[in-house]
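In: Starting from these lines, generate the structure:
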Amino acid sequence: MTSTAQAHNSGAASAHPDHLGHVIFIAAAAAMGGFLFGYDSSVINGAVEGIRGRYDIGSAGLAQVIAIALIGCAIGAATAGRIADRIGRIRCMQISAVLFTASAVGSALPFALYDLAFWRVVGGFAIGMASVIGPAYIAEVAPPAYRGRLGSFQQAAIVVGIAISQLVNWGLLNAADGDQRGELMGLEAWQVMLGVMVIPAVLYGLLSFAIPESPRFLISVGKHERARGILEEVEGDKIDLDARVTEIEHAMKSEHKSAFKDLLGGGFFFKPIVWVGIGLSVFQQFVGINVAFYYSSTLWQSVGVDPTDSFFYSFTTSIINIVGTVIAMIFVDRVGRRPLALVGSVGMVIGLGLEAWAFSFDLVGGKLPAAQGWVALIAAHVFVLFFALSWGVVVWVFLGEMFPNRLRAAALGVAASAQWIANWAITASFPSLADWNLSLTYVIYTVFAALSIPFVLKYVKETKGKTLEEMG
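Out: Okay, the predicted model is just below:
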């Protein structure tokens, strides 16, 4: 019996849970990992200048402390799948929550710069785990009829986490009279900013005890009765539970476990489709998007913006990021992935080009001239909006859909690793590049945004409306 026929017989494809609100709660609880992913990734934005002042560190050294978390991200993402297959999805979430909590406490109370760097790596490992386990768990527990909408919770949680971190940073800076090193609760303000993450980290850990284990994992370890109970809980009692369990078992046995060697071939080491995935990942990062989330307050202060205002602009940018993400979620299945990517690339070229132009002017009295200052501010928001409504979401959709079944898991792992490495390269290089020439730095990002247009037109195929089996 084919899995399609089994799905028809079990009634899973049209299953509707008896308590949809409960299923939404389960998906939202799992997406708290995404919230922490966004929060921990961007909270450092508020601490950059405080760390620079506290440890009297130059731009290159500071960049390494900021970027080193991405090494932890790459390791966490690479190992999370195997950990989850061995001990379960829920245990994996609980380990991630503990690491987030430890990182928040350690980062808030470092006794030296290398100690802070260590806790950044720990937090990065937790981010990497959360980036993998959240979407995987939601896909495994969501009823098929609701999988797309519930799966979007992860991306929504990430952008909300970014926004909340910037709002908290702004509030704490105001409480410290605009000084990142001002005293708050016996600590410097930047330390409190990093420490506040304890609250959502503990909440994530508590929520992980309130949601069920993945039925797929339970079946893989022979706990069929528990799996049946959870399937009834999330898909309703109108499906044939025995047929559903058999269907999942059959699908797992027939799956081809993709390995790294499956990706090899073609003229340049990897198969061409793998290079397209790597290209999408690299272009997504090389437009400089994470400069907006890791360094925006420092960027605005470098061109004369008041520290408190710079934190507020970081918050407004993250709100624009949410708006753009919602637009992408609405249109990605309506207009397709390629059109969104192309529209986003054109918008990013305009936004980044205007920023490069504005930053090319000499500072007057430590500030950009008024007209150029406003152009830079508006252009930065335009850039983030067009990124969020296109490449921020579309790349992950492409990576989940574009690879043949026999390659998907391994190819997605390579593409995701390329993304973390590209993220690290931009994050580690920006402070030194900005010290060298801020305008030319943005010209570089503009060039990559422009190059992404012919890349999409020539190499990226539309995946809208195609089944995963049609990918080869």
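
In: Surely Val65 touches Ala117?
Out: Yes. If you go by CB atoms under 8 Å, Val65 and Ala117 touch, sitting 5.1 Å apart. Using the backbone N, CA and C atoms, a C-beta is placed for each residue, glycine as well.

In: mind listing the helices in the stretch 101-250 of the chain by residue range?
Out: Assigned by DSSP state H, counting those that start in this stretch, the stretch 101-250 of the chain shows helices spanning 113-141, 147-175, 189-195, 198-208, 215-220, 224-235, 241-254.

In: which residues of this structure score low on pLDDT?
Out: Residue ranges of the chain with pLDDT under 70: 1-18, 148, 255-258, 266-267, 405, 409, 465-472.

In: Where do the strands of it begin and end?
Out: Ranges of strands in the chain, per DSSP state E, are 183-184, 187-188, 264-268, 270.

In: Let me have those strands in TSV, adding distance to Ile127 and mean neighbour count as columns.
Out: Converted to TSV, the strands of the chain look like this (distance: least, CB to CB, whole Å; neighbours: other CB atoms under 10 Å):
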stretch	distance to Ile127	mean neighbour count
strand 183-184	25	15
strand 187-188	23	18
strand 264-268	29	10
strand 270	26	18
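
In: and Ser220, which of those is closest to it?
Out: strand 264-268 (28.2 Å; CB to CB).

In: Next SSE downstream of the closest one?
Out: Counting by DSSP states H and E, the next helix or strand C-terminal to strand 264-268 is strand 270.

In: Contacts for that following strand next, please.
Out: Residues outside strand 270 that contact it (CB atoms under 8 Å, 6 or more residues apart in numbering): 263-264, 278, 414.

In: again, only this time at 7 Å
Out: Under the criterion CB atoms under 7 Å, 6 or more residues apart in numbering, residues 263-264 lie in contact with strand 270.

In: next one: stretch 146-155
Out: Contacts of stretch 146-155 (CB under 7 Å, 6+ apart): 23, 27-28, 31, 34, 134-135, 138-139, 142, 325, 329, 393.

In: quick revisit: can you put the helices of the stretch 101-250 of the chain in JSON lines and add mean neighbour count?
Out: Shown next, in JSON lines, are those (neighbours: other CB atoms under 10 Å):
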{"stretch": "helix 113-141", "mean neighbour count": "23"}
{"stretch": "helix 147-175", "mean neighbour count": "21"}
{"stretch": "helix 189-195", "mean neighbour count": "25"}
{"stretch": "helix 198-208", "mean neighbour count": "19"}
{"stretch": "helix 215-220", "mean neighbour count": "21"}
{"stretch": "helix 224-235", "mean neighbour count": "19"}
{"stretch": "helix 241-254", "mean neighbour count": "16"}
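
In: how about those helices, which one is nearest Asn45?
Out: Closest approach to Asn45 among the helices of the stretch 101-250 of the chain is made by helix 147-175 (6.8 Å; CB to CB).

In: Helices along the stretch 301-450 of the chain, start to end?
Out: Taking DSSP H, counting those that start in this stretch as the criterion, the stretch 301-450 of the chain carries its helices at 307-331, 337-359, 370-388, 391-401, 408-459.

In: on contacts alone, who are the packing partners of the first one?
Out: Going back to what we said before, that points to helix 307-331. With contacts defined as 3 or more CB pairs under 7 Å, 6 or more residues apart in numbering; DSSP states H and E, the packing partners of helix 307-331 are helix 147-175, helix 296-302, helix 370-388, helix 391-401.

In: mind running it again at 6 Å?
Out: The contact analysis (3 or more CB pairs under 6 Å, 6 or more residues apart in numbering; DSSP states H and E) places helix 307-331 against helix 147-175, helix 296-302, helix 370-388.

In: now do the third one
Out: Using 3+ CB pairs under 6 Å, 6+ apart as the contact criterion, the neighbours of helix 370-388 among helices and strands are helix 307-331, helix 337-359.

In: Same list, the ones you listed, but as a markdown table with distance to Val159 and mean neighbour count please.
Out: Below are the helices and strands packed on helix 370-388 laid out as a markdown table (distance: least, CB to CB, whole Å; neighbours: other CB under 10 Å):
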| stretch | distance to Val159 | mean neighbour count |
| --- | --- | --- |
| helix 307-331 | 5 | 20 |
| helix 337-359 | 15 | 22 |
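
In: Kindly reformat these as JSON lines containing distance to Thr446.
Out: Converted to JSON lines, those look like this (distance: least, CB to CB, whole Å):
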{"stretch": "helix 307-331", "distance to Thr446": "18"}
{"stretch": "helix 337-359", "distance to Thr446": "4"}
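
In: thinking again about what came up before, dump the helices of the stretch 101-250 of the chain to a markdown table, plus distance to Asp362.
Out: Compiled in a markdown table, the helices of the stretch 101-250 of the chain are given as follows (distance: least, CB to CB, whole Å):
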| stretch | distance to Asp362 |
| --- | --- |
| helix 113-141 | 33 |
| helix 147-175 | 28 |
| helix 189-195 | 30 |
| helix 198-208 | 43 |
| helix 215-220 | 60 |
| helix 224-235 | 61 |
| helix 241-254 | 63 |
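
In: Figure out which of those helices is closest to Ala356.
Out: Here helix 147-175 is closest among the helices of the stretch 101-250 of the chain (CB to CB), at 23.8 Å.
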